[in-house]
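> need coordinates for the following:
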Amino acid sequence: MARRGKGEGSIFKRKDGRWCGFITVGHDEKGNQKKKFFYGKTRQEVADKIRKALNEIEQGFLVDSSDITVAKWFKTWLWQYKKQTLKESTFSDYEGIIRNHINPTLGRIKLKDLRPEHLQTLYNEKFESGLSLSKIKHIHTVIHSALKQAVKNGIIPRNVSEATNLPCKDKTKKEIRVLTPEEQQKFLETIENERLKPLFILALTTGMRLGELLALRWENIDFENRIIVVANSLRRIKTFNNERNKTVLAITDVKSEKSHRIIPLPEAAYYELLEHRKRQEEEKKQAGSAYRDMGFVFATRVGTPIDPRNFERTFYRIIKKAGLDINFHALRHTFATRLLEANTHPKVVQELLGHKDITTTMNIYSHVLFEIKKEAIDKMNSIVIRKNKDDTL
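Numbering: from 1, shown residues only. Modelled structure (predicted):
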């Protein structure tokens, strides 16, 4: 064993090839030494961690990590390591995952005692309860990131989330709801005299998400070149002040780099928006000084953003009148399905929808693609049959 350097504590090589070191950070109630362990791939890495810890002890910064629970560490990780780097909406999502999914099951476990079995049981139980696979993956992402930081800090020797297996098949996946041509016509007839008719037309002709539509500003629409720049989304997020469970409307960046996109403005939507802008100018005059012009294409009668919850009440009133059973996202699915039925290349559909990769598009609309494949085979079949008939003549 290599000689111990000054201020390095005790360092040794483990049987698994990794290096380990420890220092004494105090004594328990029985007088026994309390040790803090550090791990690394090299002796030097461990020595550096120990020197840093000893320096923190001298400055009074080092806290004994032996009694840190999962809940306590995840709170530290979220507020001290992620608060300044995450978007407000993502931070709110992470906080909700920790509060609703991680802490109730794992919160009281000491971080040093957390094992792969604990996490695997959590994932399995969430899966069996009907939670979507995408949500379980999101939970895993949060856990993995928090534990990765704990390893960097020398609180735990390894990231136990790396030893887990996520469910590979989404048992909660439901068949998407798409409007039939007849239902689509019925919906269009029902929205004819609605104030927000242009929003519904835009949803059906561009596939934009609800949050993207509600965050759309006039500056995002180039009428001359007939294009729309999708850059933001509007949603409710939780605030973290003294008022419990308070939420606020927030304009955030779109979901991903691919979601930031340029969409051609369809002719039907183009004329609807021109008329909508004229009506909005009339609303400004009627509201007078009460109008807050924030530049939103779809706003309340006094110019403020439309709360998604209020919009959904309007939407469900409309579909009830139309005799339909859909959610707003069905309009996006209908847009994509019509494109695919018209033999639009899936890559184009992916880019219009703003999906991160084409796999997402292919998985969601696999039923449509199968029908397209079937039509292609039928065409080939008819070609072969016709050729055989020609050869026999």
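> tell me the pLDDT of residue 143.
Note on residue 143: pLDDT of 98.
> identify the residues contacting it.
Residue 143 makes contacts with 102, 119, 161, as judged by C-beta atoms under 8 Å, 6 or more residues apart in numbering. Backbone N, C-alpha and C define where each C-beta goes, glycine included.
> switch to 10 Å and redo it
70, 74, 97-98, 101-102, 106, 114, 119, 122-123, 159-161, 164 (C-beta atoms under 10 Å, 6 or more residues apart in numbering).
> got it, and residue 119?
Neighbouring residues of residue 119 by C-beta under 10 Å, 6+ apart: 102, 105-106, 139-140, 143-144, 147, 160-166.
> just to revisit the earlier point, out of the contacts of residue 143, which sit inside helices?
Residues of these located in helices (DSSP state H): 70, 74, 97, 106, 119, 122, 123.
> which one of those is nearest residue 270?
residue 97 (40.8 Å; C-beta to C-beta).
> can you name the residues that contact the closest one?
Applying C-beta under 10 Å, 6+ apart, we find residue 97 in contact with 74, 78, 103, 135, 138, 139, 140, 141, 142, 143.
> what separation is there between it and residue 67?
Separation of residue 97 from residue 67 (C-beta to C-beta, to the nearest Å): 24 Å.
> can you give me the helices for the stretch 201-350 of the chain?
Assigned by DSSP state H, counting those that start in this stretch, the stretch 201-350 of the chain shows helices spanning 210-214, 267-287, 308-322, 329-341, 346-353.
> now the longest one: average pLDDT?
This predicted structure assigns helix 267-287 an average pLDDT of 96.
> so what pLDDT did the most centrally placed residue in the chain get?
Centre of the chain computed as the mean C-alpha position; nearest residue by C-alpha atoms, centre = their mean is residue 255, 6.5 Å away. For residue 255, the model assigns a pLDDT of 71.
> residues touching it, list them.
Listed by C-beta under 10 Å, 6+ apart, the contact set of residue 255 reads 89, 90, 209, 211, 212, 233, 354, 355, 356.
> so the closest residue in space to residue 213 that isn't next to it in sequence, which of the three states?
Take residue 213 and drop its neighbours on the chain: the residue closest to it by C-beta to C-beta, 6 or more residues apart in numbering is residue 199, 5.5 Å away. Per DSSP: H, G, I helix; E, B strand; the rest coil, the local secondary structure of residue 199 is helix.
> by neighbours, which of the contacts of residue 97 wins?
residue 74 (28 neighbours; other C-beta atoms under 10 Å).
> on that earlier part again, just the ones in strands from the contacts of residue 255, please.
residue 233 (DSSP state E).
> out of the contacts of residue 255, which is most surrounded?
Highest count within these by other C-beta under 10 Å belongs to residue 212, 26 neighbours.
> what's whatever helix or strand residue 49 lives in packed up against?
Using DSSP states H and E, residue 49 sits within helix 43-59. With contacts taken as 3 or more C-beta pairs under 10 Å, 6 or more residues apart in numbering; DSSP states H and E, helix 43-59 sits against strand 10-13, strand 19-27, strand 33-40.
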